[in-house]
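A.B. asks: Here is my input, please return the structure:
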Amino acid sequence: QGGPEREDRVRRMVLQHDAELFGSCTQHGECEAACPKQISINFIARMNADFIKTAVTANADLKQREGQ
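C.D. replies: Purely as a prediction, here's the structure:
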């Protein structure tokens, strides 16, 4: 459940992350320590991995559409 919305959700989360000037994850844990919502670094790492996967997939889809 939630799978179909996963790519859109992760895009929105990263856009909000960037709008608030959080910067890239360094895996040092500063984000986890400063997070007012107590989001774990494991969740943040998984979100970043999902974002990279989504970006690669979207790029491949765009190239495929341009080739048609």
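
A.B. asks: Could you tell me the average pLDDT over the longest helix anywhere in the chain, please?
C.D. replies: Criterion DSSP state H: the longest helix present in the chain is helix 41-67. Helix 41-67 carries an average pLDDT of 78.

A.B. asks: how about the most centrally placed residue in the chain, what does it touch?
C.D. replies: Geometric centre of the chain, nearest residue: residue 51, 3.5 Å, by CA atoms, centre = their mean. For residue 51, the contact set (CB atoms under 8 Å, 6 or more residues apart in numbering) comprises 10-11, 13-14. (Glycine included, C-beta is placed from N, CA and C.)

A.B. asks: and those residues, which of them are in helices?
C.D. replies: Those of these lying in helices (DSSP H): 10-11, 13-14.

A.B. asks: hmm, which two among the residues you listed are most spread apart?
C.D. replies: The most widely separated members of the ones in helices among the contacts of residue 51, counting by CB to CB, are 11 and 13 (7.3 Å).
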